[in-house]
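> give me a model of this one.
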Amino acid sequence: MERNLILALLLSSVLFALFLFVQARFFPPEPLPSPPAQAPAESKPAPAPPPRVLGPSSARPAVPSLPAEPPEVPERTATVQTPLYRAAITSRGGEIQSWVLDYRGQKPMILPGLLGPSGLRILRQGRIPRIIGFRLSADSLKLDKANPQGQLELVGDDGSGLRITQVLRFQADSYLIEREIRVENLKAVAETVEADLSWVAPTQWPKEQEDFRGPRPIHVVNLAENAFWARREYVGTTEKFEGESRWVAFESGVAPIGQNGVYLTALIPKGPGMKAFTETLSERNAGQGKDPTAVAIGVRVSIRELSPGQAWKGTVLSYLGPMEYDRLTAVGASLEKAIYFGGLPMPESWASRYGAPTFPMQWIVVPTLWLMHWVYSFIRNYGIAIIVLTVVTKVLFFPLTVKSMASMKAMQALQPQANALKAKYQKEPQRAQREMMELYKKHGVNPMGGCLPMVVQIPIFYALYVALSVSAELQNAPFIRIGTVPSGIPWLGGQCLWVCDLAQQDPTYVLPILMGVSMFVQQKMSPTVGDPRQAQIMLFMPVIFTFMFLSLPSGLVLYWFVSNMLQILQQHYMNRGGRSPKVPAKEIKQKQ
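Predicted structure coming up:
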């Protein structure tokens with residue numbers, strides 16, 4: 001019975017399959033009738049609604065499918081010339097192809113193929129990032145006082161239904177570029193869009209490009225949204241980062257490079273969904289086998305859903321120029337915090353409370369910078385401005401310096417009696433200390449009097465040191481020149497004779513040697529307090545400092561040399577003027 005049932009089922013399946021084959025082969029279904037065509041004269045197509053800013057989705061008539069590849073756009077370049085820089089903007093992604101600062105000489109900020117931006121890229125999952133070709137609105141743009149502002153408009157599409165528009169705005173008196181980006185969806189379906197703008201720099205400079213005299217990146221700096229302190233990392237040890245940030249930047253210096261840079265390449269996001277990022281070349285190319293010898297900083301935007309007819313807008317500000325405090329402050333977004341002014345260590349409780357490992361010193365350094373620039377506005381020579389600033393600080397602190405020197409002279413006069421007390425109470429150090437304090441009290445000498453006045457001056461001298469270290473204005477600023485300048489002052493302008501760049505070391509080594517000699521004379525004139533053998537060891541300090549200062553910027557060495565010379569004059573005044581108290585020499589009576 002079961003056998004007959006199985007045979008019947010198999011036979012039914014074969015007959016049903018045969019029936020489907022015969023129907024499909026000899027009796028195909030008739031096609032559905034197409035709708036009648038409408039005459040053009042009788043009806044007009046409805047006008048397409050204008051594109052709208054990103055918001056709730058709404059219906060939109062279907063549009064024809066677009067090609068998979070973007071249309072070929074001839075590559076063009078637009079030049080931008082201002083009193084501060086010369087630039088070239090290419091139609092390939094709106095990339096900045098060239099940017100040469102006219103600041104203390106000609107300084108290129110871009111080296112094609114090694115250092116520079118990549119232009120606007122559209123990122124789609126599973127595809128290679130695509131750089132869009134744009135049509136430029138102009139071939140050149142020249143800005144000056146009569147024409148202070150201008151803009152370039154770039155329009156293109158990615159070949160998959162996205163129309164991208166960039167408007168680049170420039171100003172004659174600023175190193176800032178305002179880049180307004182608009183992404184519009186022309187397709188009949190919603191799109192997920194991701195795009196980025198980035199700047200790439202090498203972590204190791206190749207030997208064949210050692211003659212490049214433009215600024216080279218030293219640090220990657222970024223300021224988180226709610227942070228008080230900017231994060232700084234060397235380009236060679238940068239960690240991957242992506243998140244909310246007020247800005248991300250390269251801090252650069254001109255070779256020979258020191259620890260502090262004086263030029264900045266910053267990207268500032270100003271739009272919804274924008275994030276700053278930092279990544280290495282290997283991360284950026286997702287395992288394409290490229291050597292990770294470069295690091296990229298940039299701004300990335302992710303638009304999760306762009307409905308048909310919708311448009312997204314955002315702005316990215318780019319700053320490419322010197323790290324002048326006033327200019328960075330004018331940009332906004334706390335960009336001035338890119339300048340590292342140093343700091344004093346703080347207790348752990350304060351550091352965790354304020355989010356900073358040290359107490360920031362800009363409260364002292366910034367007024368010092370302002371004073372130096374104010375002096376320069378009259379003298380027009382930063383070397384002379386440094387000398388004037390050093391003299392002013394010495395005059396202000398002269399009373400404290402006199403008090404400190406008088407205390408040291410008094411301590412020196414009491415040194416024989418103090419040594420006698422140490423010898424007498426050699427086995428009783430605590431009693432020897434008490435007897436010495438009574439001795440100082442009897443003669444009106446404060447053992448800390450020589451230190452406290454100097455401690456008060458340390459923040460000011462530190463501020464001067466840091467101000468000269470971070471001052472971009474010292475770049476290519478000469479010191480000793482001859483000739484004339486438009487103001488008619490013959491000894492301030494013209495041909496440079498010596499120290500032609502206060503931001504670089506003195507190639508003749510004359511200034512560091514003079515500094516070392518002045519330091520040696522200062523130590524010899526200072527009163528000796530304490531162990532004489534220790535004082536002899538201290539005489540080696542001028543030699544050590546001389547070698548240290550050989551490679552430091554000439555502006556810093558000039559400041560130190562002038563400070564030493566003024567200290568020598570003050571010490572000579574104290575020695576000749578008899579300002580130190582006279583201590584009578586007497587024997588210590590033996591106490592019962």
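
> quick one: which helix or strand includes the residue nearest the centre of the chain?
Geometric centre of the chain, nearest residue: residue 251, 3.5 Å, by CA atoms, centre = their mean. Assignment of secondary structure by DSSP states H and E places residue 251 within strand 245-253.

> okay, now the sheet partners of that strand, with direction.
Strands that pair with strand 245-253, judged by DSSP bridges, come out as strand 216-224 (antiparallel), strand 263-270 (antiparallel).

> CA-only coordinates of the shortest one in CSV, if you can.
Meaning strand 263-270. C-alpha atoms of strand 263-270 as CSV (Å, rounded to 0.1, in the frame of the first residue of the first chain):
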residue,chain,number,x,y,z
TYR,A,263,53.5,78.4,12.9
LEU,A,264,50.1,76.7,13.0
THR,A,265,47.9,74.7,10.6
ALA,A,266,44.5,74.4,12.2
LEU,A,267,41.2,73.0,11.2
ILE,A,268,38.1,74.2,13.1
PRO,A,269,34.8,72.4,12.7
LYS,A,270,31.7,74.6,12.7
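
> pLDDT averaged over that strand - what is it?
Strand 263-270 shows a mean pLDDT of 93.

> continuing past it, what's the next helix or strand?
strand 274-280.

> and that next one with strand 216-224, angle?
Between the direction of strand 274-280 and that of strand 216-224, the angle (axes from the mean of the first three to the mean of the last three CA atoms, to 10 degrees) works out to 140 degrees.

> who does strand 274-280 pair up with?
Each strand that pairs with strand 274-280, with its direction, by DSSP bridges: strand 241-243 (antiparallel), strand 294-306 (antiparallel).

> just after the lowest-mean-pLDDT helix or strand in the chain, pick out the following helix or strand.
Taking mean pLDDT, DSSP states H and E as the measure, the helix or strand of the chain with the lowest value is strand 52-53, at a mean of 40. If you walk from strand 52-53 toward the C-terminus, the next helix or strand you reach (DSSP H and E) is strand 77-81.

> average pLDDT for the next helix or strand after that next one, rounded please.
Using DSSP H and E, the helix or strand that directly follows strand 77-81 along the chain is strand 85-90. Model confidence over strand 85-90 averages 94 on the pLDDT scale.

> now do the contacts for residue 167.
With contacts taken as CB atoms under 8 Å, 6 or more residues apart in numbering, residue 167 has the following neighbours: 151, 152, 153, 154, 179, 180, 182. Yep, even glycine has a C-beta here, placed from its N, CA and C like the rest.

> which of the residues you listed sits closest to residue 326?
Checking these against residue 326 with CB to CB, the nearest one is residue 179 at 23.2 Å.

> residue contacts, the closest one?
Residue 179 neighbours (CB under 8 Å, 6+ apart): 94, 166, 167, 168, 169, 197, 315, 316, 317, 318.

> domains in this protein, by residue range?
77-337, 361-577 (automatic domain parsing).

> chain center to the longest one: distance?
Centroid separation for domain 77-337 versus its chain: 14 Å, with CA atoms, centre = their mean, to the nearest Å.

> now do the last one
In terms of CA atoms, centre = their mean, the centre of domain 361-577 is set 31 Å apart from its chain centre.

> for it, give the mean pLDDT please.
Mean predicted confidence for domain 361-577 is 77.

> which sections of the stretch 51-200 of the chain are below the confidence cut-off?
Per-residue confidence of the stretch 51-200 of the chain (counting by pLDDT under 70) places the weak regions at 51-73, 126.

> can you give me the strands for it?
Applying DSSP state E, counting those that start in this stretch to the stretch 51-200 of the chain gives strands spanning 52-53, 77-81, 85-90, 96-102, 106-108, 116-117, 121-123, 130-131, 135-136, 140-142, 149-157, 162-171, 176-185, 191-202.

> now tabulate the ones you listed in a markdown table and tack on distance to residue 428.
Output for the strands of the stretch 51-200 of the chain, formatted as a markdown table (distance: least, CB to CB, whole Å):
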| stretch | distance to residue 428 |
| --- | --- |
| strand 52-53 | 86 |
| strand 77-81 | 81 |
| strand 85-90 | 74 |
| strand 96-102 | 70 |
| strand 106-108 | 68 |
| strand 116-117 | 74 |
| strand 121-123 | 79 |
| strand 130-131 | 83 |
| strand 135-136 | 89 |
| strand 140-142 | 85 |
| strand 149-157 | 82 |
| strand 162-171 | 76 |
| strand 176-185 | 71 |
| strand 191-202 | 66 |
